[in-house]
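Trainee: Turn this into a structure:
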Amino acid sequence: MKKKAVELLKNKTKTVPILSFPATQLLSISVKELILSADMQVKGMQAIAEKCNVGASLNMMDLSVEAEAFGARIRFYDDDIPAVEKGIIDDIADAQSITVPEIGAGRTSICIEGIKKAKEIITDIPVFCGVIGPYSLAGRLFDMTELMMECFDSPDEVKILLSKATEFIIKYIKAFKEAGADGVIMAEPAAGLLSPALAEEFSMPFVNEIFGEINSDDFIVCYHNCGNAAGDMLEMISGLNADIIHLGNAINLKKALEVLPYDKIVMGNVNPVLFRTGTPDDIKTDVKRVFDECSMYENFMISTGCDVPAASKWENINAYFEKINALY
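Mentor: Predicted structure coming up:
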């Protein structure tokens, strides 16, 4: 296990939830203002790091950034994360004509600048960047439902699209590394919609290619999958060259810990929806559930199952950290 991973695991009260967008409430700004400004992203990361007992600082987990860089049309919201409104191709045959963008296209330059500035301010904990996974990006560049069908009908063309997505993601993560990022969280939720056989062919090889290109002794690699079928992919996930496996609340985390390698940190999977819709007691109950099921595993660290919604109640976020501190 890498030195930085060992350091993370040493203090399990310093949890690493996927917690970024509720910073908008601390800064009294909109989500749109946050994602369009490197300075605001840094202030948000700093505010979370100062207020919460976190083991790492995460930039914005905005899975529309990479698709926008390719030219996808994005819909922005004041109070929610952006969404891809339309991809860049209507026919999978057009994948061959796609040009892989340069780093700096769209909002990638904002995110990279945010990481660079955050590293200058946040010096006591690691700073992680967030990127989308290759299959999830391909679905946003084309169409998620159509992409799944074309895995059967036009597999070669799908792999062309995936190769171009992979090429860009590698360049993007390398740019984050050059900016000083200590690690990356790659979110590949769309792969969790696939059957194990399809995931093995159309997601895992490309994820492995990315991890092989960007992995190094001083850089933490985290694979996140919150898809419903991720539990059926555990054998494949075990083989990934990742330091952290981060799983969603649709998955039985105890069963995952029984399968996943002991030398990988396994994180999850408090229900993120409860932060917005529940009460502090609901959060504390779910934290205890996950703790009771998984805390006997030394490589387990509690976390959220996915991104904490921007409109979450801060009393619920505070309850999450309070309960973890009490349990440990």
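Trainee: Please enumerate the helices of the stretch 101-250 of the chain.
Mentor: 108-121, 134-141, 144-153, 155-179, 196-202, 204-214, 234-238 (DSSP state H, counting those that start in this stretch).
Trainee: who wins for proximity to residue 318 among those helices?
Mentor: Residue 318 sits nearest to helix 108-121 of all these, at 22.8 Å, using Cβ to Cβ. Using the backbone N, CA and C atoms, a C-beta is placed for each residue, glycine as well.
Trainee: Nearest residue to the spatially most central residue of the chain in space, please, no chain neighbours.
Mentor: Central residue check for the chain by Cα atoms, centre = their mean: the C-alpha nearest the mean position is that of residue 187, 3.7 Å away. Take residue 187 and drop its neighbours on the chain: the residue closest to it by Cβ to Cβ, 6 or more residues apart in numbering is residue 224, 4.6 Å away.
Trainee: and what of residue 230?
Mentor: That would be residue 192: by Cβ to Cβ, 6+ apart, it lies 4.1 Å from residue 230.
Trainee: could you dump the helices of the stretch 101-250 of the chain to a markdown table with distance to residue 85 and mean neighbour count?
Mentor: Shown next, in a markdown table, are the helices of the stretch 101-250 of the chain (distance: least, Cβ to Cβ, whole Å; neighbours: other Cβ atoms under 10 Å):
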| stretch | distance to residue 85 | mean neighbour count |
| --- | --- | --- |
| helix 108-121 | 19 | 20 |
| helix 134-141 | 10 | 28 |
| helix 144-153 | 13 | 16 |
| helix 155-179 | 18 | 20 |
| helix 196-202 | 24 | 17 |
| helix 204-214 | 25 | 19 |
| helix 234-238 | 31 | 17 |
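Trainee: hang on, isn't the residue nearest to the centre of the chain packed against residue 222?
Mentor: No. Counting by Cβ atoms under 8 Å, residue 222 is not a contact partner of residue 187; they are 9.3 Å apart.
Trainee: hang on, the earlier thing: okay, the helices of the stretch 101-250 of the chain in JSON lines with mean pLDDT and distance to residue 312 next?
Mentor: Output for the helices of the stretch 101-250 of the chain, formatted as JSON lines (pLDDT from 0 to 100; distance: least, Cβ to Cβ, whole Å):
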{"stretch": "helix 108-121", "mean pLDDT": "98", "distance to residue 312": "21"}
{"stretch": "helix 134-141", "mean pLDDT": "98", "distance to residue 312": "23"}
{"stretch": "helix 144-153", "mean pLDDT": "97", "distance to residue 312": "26"}
{"stretch": "helix 155-179", "mean pLDDT": "98", "distance to residue 312": "26"}
{"stretch": "helix 196-202", "mean pLDDT": "96", "distance to residue 312": "30"}
{"stretch": "helix 204-214", "mean pLDDT": "98", "distance to residue 312": "29"}
{"stretch": "helix 234-238", "mean pLDDT": "95", "distance to residue 312": "28"}
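Trainee: Make TSV from those helices and add distance to residue 311 to it.
Mentor: Converted to TSV, those look like this (distance: least, Cβ to Cβ, whole Å):
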stretch	distance to residue 311
helix 108-121	22
helix 134-141	23
helix 144-153	24
helix 155-179	27
helix 196-202	32
helix 204-214	31
helix 234-238	31
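Trainee: Just the pLDDT for residue 60.
Mentor: Note on residue 60: pLDDT of 86.
Trainee: tell me the contacts of it?
Mentor: 20, 21, 34, 35, 41, 44, 111, 114, 130 (Cβ atoms under 8 Å, 6 or more residues apart in numbering).
Trainee: my guess is the first one meets residue 59, correct?
Mentor: Right, the one you point to is residue 20. Yes. Counting by Cβ under 8 Å, residue 20 touches residue 59, with 6.8 Å between them.
Trainee: Now the common contact residues for those two.
Mentor: Contacts common to residue 20 and residue 59, judged by Cβ under 8 Å, 6+ apart, are 45, 130.
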